[in-house]
Every structure is written in structure tokens, then in C-alpha cells.
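Q: here is my input; please provide its structure:
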Amino acid sequence: MPRFAPSSDLPVGSKADVLVLPVFQGPEAGPGVKEASRALGADLTAACTENGMRGKPGQVLTVPTLGRIPARSVLLVGLGKRSEAKIDAIRRAAATLAGKVRDVDSVATTLGQVGRSTEEAAAAVVEGFSLGGYRFDRYKAKSKSADEGKGPQEVFLLGKAADSRKVKAAVARAEIIAGAANYARDLVNTPSADAVPEVMAGHARTLARKAGLKVKIWSPAELQKGGFGGILGVGQGSANAPRLVELTYSGGRAGAPPIVLVGKGITFDSGGLSIKSAKSMEGMKMDKGGASAMLGAMKAIAALKIKVNVTAILPFAENMPSGSAQRPGDVITHRNGKTSEVLNTDAEGRLILADALSLAVEREPAAIVDAATLTGACMVALGPEVSGVFGNDKSLVKEVLAAGDAVGEFSWELPLFDGYHKMIESPVADIKNLGGSYGGAITAALFLQEFVGETPWVHMDIAGPAWAETGGGLGPVGATGVPVRTLVEFVSRRAAKR
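A: Have a look, this model is predicted:
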């Protein structure tokens, strides 16, 4: 990531390679546009009109300065309607900007002057630029021009109050959170052969050492002894044995109930014996998105020194077909003693989460939040950019939804409709892992609810927004880091209340 430097320099005096100025829909001049127009002797708003740039989100126009100001060019970026140009619009404009300035060394922008709060706007610029500039090129052959196109080394955030203590603190916080989201993206984007359960547990151990967290990694033998039938059942068809990771951050009062974060960590999902089609398997390295997001969230929570206790419980397993694989019709016993009939081995995420949630309840938490790339049904209901949220506690659901809205990771509450519970009732076990033809996201959530008891709990189905099928928005094709920023915001708000 570049170095973000708040600066009180005037836009026309900045010596950055590119000066980035916002334009509202119309086009209508944003902060710095009129001053730059006078310095250049050219009406930049008129130039937008002449070139079909109306200031809509995603639109950009580059104007050469011909040496009239220190910057070599002015890049005008659309923010949409002035009345709608709030924090998420700034964040997305900064992400658009990041994709357009990859061949320069430095950038200066007045985007942080949009909106009511300079601190919030500056943080949005940092987040948007960091997320929009993310690239996963670890597996690309290095060329002589490998250092080219990496993006600017410095981004100057211009404004009279830009170098205030509050703005600097907001920028530093945003850098940590965006970096944590990109860390999670790296984990999700890593091919499954290089991210088997043992390796993912190793990443957790390394994170714990660097961030000052306590870590416990449950071996296959310990999982067997501990009664984790769901994790073992899903992983028994693979040559790569499963693991369970427990990370502990003690930022709050000693003995205070922790918030427990649980994430689905299927390192590759073939569907098991209920095998997926070849096409459906292509992107299944993303099925570790929930657990990867929890690792990213713990990284940020520790770095920010948030004053609350947080535990992450992350089950990792590889769902593969083989002679030793779990069979449709098998009955497994979970950590809390409940049994489930496995009718479809491709509905495996809920099986490993059941064990993890059971362990989470044993930690006597204040709340549990789980995230999982769980069901295609949720994508059918809400599309590719909105997470489905279920919960047994309305207040907790509202907290999670509000946190997501605040950071631009949008979610929508779906019902835990008890009338559908009959769909997961089994004649031979306590429950079965497959419901009917409809309401798949709901029946999956009802399955998980069986393992949380009365503990306040929220389930986030992130099957859609955890992975971007098309570039643009807040980054390229691939992992998005959702819901790292939501979780950090949620935990931060909890700590502030206390």
C-alpha cells in the first residue's frame, strides 16, 4: 500500500504527479476544481461537458496541465449527485482512482474535503484507494517491468484540516483496516493446493505471534477426542487432515465475556461424493472466505488495540471424494452431542460450523457472529453484493447491519422462520443437513441455530459478496475481504459502548 500523508497544501501548489479532483453529477465542480481552472486558464467543468464526463460515479477525465501547475495532469473523478455524495461514494471514487494511477509515483487529492466530516472522508479515501488498488499477482511470472504499474508510493490528502491529529488518527486506523481486508483477500485468493488446512492453521499461528494473540490449534487426534464429528466427517475424504484454530485477543477487562467470531474454512470444496460440476468447482478456493475474513478481523482488532475481548474459532477442512469420504446417509455426532444426518455431502459448511459454534457457546460469550460462504440460495435472494443476516437476537442483528452500512458492506436481514424447521427434521437423527427445494439460506441458518442455544448469535451468509465475479467497485475480480470491515466496526462499537 502507498503511504497516505495528510497535507494542508493548496491543490494547485501540490508537487504530486497527478492532482485528483472530484466532480459532482451535472457536471458540477467539487473541491479544488475552480482553483485549478483559474491556474490552468481553462474551465475544467466545461472540459467535462465537452468530453461527455457528467460526474457520474466511475467516470474519469484526465486533463494535461502543460506545466501551468506542478502536477503533470489533473484527473477529474465523478462522485454522482452532490446530495448523494456521502462516505461510500467517496470510498468508491477513491477505488476508481486507484485503478487509474498505477503508473505514477505520487497523487494528491481533495476527495477528503467532500462531506461533513473531514476524518470520515479521509478514512474513506484511504480505504477506497487501498481496496481499489489491490492486486493478487503472486503467481505471475516476473518480468523486467515488474516494478512498473504497482501504483503510487505516496497519496497526499489535501485540506486545511488535513494534518490535524484527528485526521491523522483516522488515516492510520483506515490503513490498518484496509490492510487487514487485503490480507484476508490474499488468503482467499491463494490456490487450494497452497492453502490446505494445515497451512491455514500455520497462517493463524504466524498472525498470533506477530499480533500478540493466544492460539490453540486442534490436531486431528484432538478433534477426535473432542467430539468434533462435523469437522472430521467433512475432512475424512481428503489426504489433508482438518484443523480447528482458536485465536484469543484479550483487550478488555479480565474475565469479561468475549465476542466470538466463527468462520467457515473449507479450503477446497469438490462437493465430496455429492460432487459438484467441473464449472462449479473452479472458484471453490473461495470457500474459506469466512475463516479468512475472521483472521483479517483479528489482525485489525489487535493492531487497533480495541478494548474488548474477542475470540475467533475457525474450522478448516478440505471436502474431497475418495474411498474414505463421508457418504450420503451417514449420521455424525457434533461437539454438543447433537446428531445430524448427512443427505448431501455438498452441504458441508454447516457441518463444520456446527462444531465450531458448539465450542463457541462453551466460551460463554457475550455474542457470537459467524460468517460463511454458505448457500447459493442467499445469492438468489440478495444477489452478488449483499450478505444475508440471520439471528436469534434482534438487537445484535441491528448492530451488525448498522456496522455494515457504516463501512459500505451491505447486508439484509432474512427470517429465521421456524415454520421451515420441519424441512431439516430427520427420521434417524436430530436434524439433517439438507432442507427442501426452496428457502435454502433459511434452512441452513436454522440448522446452525441448533448449536447456539440461547447465546445471542448472528449468522452472515456471504456467498455473494465474498467474491467479485467482475472487476470494478472496490477492486479486481476475486476475493473482496467481506466482511472484515463490518466485523471491525461492530467490535469497535461494542467496545465504545462499554
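
Q: what sits against residue 14?
A: The contact partners of residue 14, by C-beta atoms under 8 Å, 6 or more residues apart in numbering, come to 7, 70, 71, 108, 156, 158. Quick note: C-beta positions are derived from backbone N, CA and C, even for glycine.

Q: with adjacent residues omitted, what lies nearest to the last one?
A: In space, residue 158 comes closest to residue 110 once its chain neighbours are excluded; the distance is 5.1 Å by C-beta to C-beta, 6 or more residues apart in numbering.

Q: please apply the same query to residue 476.
A: Residue 476 sits nearest to residue 135 (C-beta to C-beta, 6+ apart), 6.4 Å away.

Q: okay, that neighbour: pLDDT?
A: Looking at residue 135, its pLDDT stands at 94.

Q: again, but for residue 77
A: 97.

Q: give me the neighbour count for the residue nearest to residue 476.
A: 18 (other C-beta atoms under 10 Å).

Q: report the secondary structure state of it.
A: Following DSSP: H, G, I helix; E, B strand; the rest coil, we place residue 135 in the coil state.

Q: residue 20 too?
A: Strictly by three-state DSSP, residue 20 counts as strand.

Q: contacts only, for it.
A: 74, 75, 76, 77, 97, 101, 107, 108, 109, 110, 111.

Q: swap in residue 3?
A: Taking C-beta under 8 Å, 6+ apart as the test, what residue 3 contacts is 153, 154, 155.

Q: try 7 Å this time
A: 153, 154 (C-beta atoms under 7 Å, 6 or more residues apart in numbering).

Q: quick one: it from residue 155, how far?
A: 7 Å (C-beta to C-beta, to the nearest Å).

Q: again with residue 345
A: Taking C-beta to C-beta, one finds residue 345 at 48 Å from residue 155.

Q: which of these two has more neighbours?
A: residue 155 (30 against 27).

Q: is that one bridged to anything, and to what?
A: residue 4, residue 107 (DSSP bridges).

Q: quick one, strands of the stretch 1-150 of the chain?
A: Using DSSP state E, counting those that start in this stretch, the strands of the stretch 1-150 of the chain run over residues 3-7, 18-24, 28-29, 60-64, 73-80, 106-109.

Q: between these, which gets nearest to residue 472?
A: Residue 472 lies closest, by C-beta to C-beta, to one member of those: strand 60-64, at 12.4 Å.

Q: quick one: that closest one to strand 73-80, angle?
A: 160 degrees (axes from the mean of the first three to the mean of the last three C-alpha atoms, to 10 degrees).

Q: can you list contacts of strand 60-64?
A: With C-beta under 7 Å, 6+ apart as the test, strand 60-64 has contacts from 44, 47-48, 51, 53, 73-78, 96, 100.

Q: could you pick out the buried ones from these?
A: Among the contacts of strand 60-64, those classed as buried by 16 or more other C-beta atoms under 10 Å are 44, 47, 48, 53, 73, 74, 75, 76, 77, 78, 96, 100.

Q: any idea how far the third one is from residue 385?
A: What it means is residue 48. For residue 48 relative to residue 385 (C-beta to C-beta), the value is 28 Å.

Q: cool, the fifth one as well?
A: Look at residue 73 and residue 385: by C-beta to C-beta, they are 32 Å apart.

Q: the lengthiest helix in the chain vs strand 3-7, what angle?
A: The helix that spans the most residues within the chain, counting by DSSP state H, is helix 165-189. Here helix 165-189 points in a direction 160 degrees away from that of strand 3-7 (the same axes, to 10 degrees).

Q: now what about the next helix or strand after helix 165-189, what contacts it?
A: Remark: after helix 165-189, the chain's next helix or strand is helix 197-211, criterion DSSP states H and E. With contact meaning C-beta under 7 Å, 6+ apart, helix 197-211 is reached by 187, 213-215, 217, 240-243, 245, 247, 265, 267, 288, 295, 298-299, 302-303, 314, 316-318.

Q: would you reformat the contacts of residue 14 as CSV and include pLDDT, neighbour count and distance to residue 498?
A: Formatted as CSV, the contacts of residue 14 follow (pLDDT from 0 to 100; neighbours: other C-beta atoms under 10 Å; distance: C-beta to C-beta, whole Å):
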residue, pLDDT, neighbour count, distance to residue 498
7, 92, 18, 36
70, 97, 15, 48
71, 97, 25, 46
108, 97, 26, 39
156, 96, 25, 37
158, 95, 27, 37
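
Q: adding distance to residue 469, write those residues out as JSON lines.
A: Shown next, in JSON lines, are these (distance: C-beta to C-beta, whole Å):
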{"residue": "7", "distance to residue 469": "38"}
{"residue": "70", "distance to residue 469": "41"}
{"residue": "71", "distance to residue 469": "36"}
{"residue": "108", "distance to residue 469": "34"}
{"residue": "156", "distance to residue 469": "34"}
{"residue": "158", "distance to residue 469": "35"}
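
Q: what residue ranges in the chain score low on pLDDT?
A: 143-149 (pLDDT under 70).

Q: which parts of the stretch 201-350 of the chain are helices?
A: 220-226, 229-235, 278-281, 289-304, 349-362 (DSSP state H, counting those that start in this stretch).

Q: compute the inter-axis angle for the fourth one and helix 165-189.
A: What that stands for is helix 289-304. Using the same axes, to 10 degrees: helix 289-304 against helix 165-189 is 150 degrees.

Q: okay, helix 289-304 in CSV with CA atoms only?
A: Output of helix 289-304 as CSV, limited to C-alpha atoms (Å, rounded to 0.1, in the frame of the first residue of the first chain):
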residue,chain,number,x,y,z
GLY,A,289,-13.8,-16.8,2.8
GLY,A,290,-15.5,-16.8,6.2
ALA,A,291,-12.5,-18.0,8.1
SER,A,292,-10.1,-15.8,6.2
ALA,A,293,-12.2,-12.8,7.0
MET,A,294,-12.1,-13.7,10.7
LEU,A,295,-8.3,-13.9,10.5
GLY,A,296,-8.3,-10.4,8.9
ALA,A,297,-10.6,-9.0,11.5
MET,A,298,-8.4,-10.4,14.3
LYS,A,299,-5.4,-8.8,12.7
ALA,A,300,-7.1,-5.4,12.7
ILE,A,301,-8.6,-5.7,16.1
ALA,A,302,-5.3,-6.5,17.7
ALA,A,303,-3.5,-3.7,15.8
LEU,A,304,-6.1,-1.2,16.8
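
Q: the chain should start at 49 in everything you say after this.
A: Got it, first residue is 49 now, which makes that one helix 337-352.

Q: residues making contact with that helix?
A: So helix 337-352 is contacted by 221, 224-225, 228-229, 231-232, 235-236, 251-252, 255, 259-261, 295, 297, 309, 311-313, 358, 360, 362, 364, 419-421, 510, 514-515, 527, 529-532, 535-536, 539 (C-beta under 7 Å, 6+ apart).

Q: among those, name the buried ones.
A: 221, 224-225, 228-229, 231-232, 235-236, 251-252, 255, 259, 261, 295, 297, 309, 311-313, 358, 360, 362, 364, 419-421, 510, 514-515, 527, 529-532, 535-536, 539.

Q: which other helices and strands does the longest strand anywhere in the chain contact?
A: The residue-count maximum for a strand in the chain (DSSP state E) belongs to strand 357-367. Contact here means 3 or more C-beta pairs under 7 Å, 6 or more residues apart in numbering; DSSP states H and E; on that basis strand 357-367 packs against helix 245-259, helix 277-283, strand 291-298, strand 307-311, strand 313-317, helix 337-352, helix 397-410.

Q: of those, which approaches residue 457 most closely?
A: Per C-beta to C-beta, nearest to residue 457 of those: helix 337-352, 10.2 Å.
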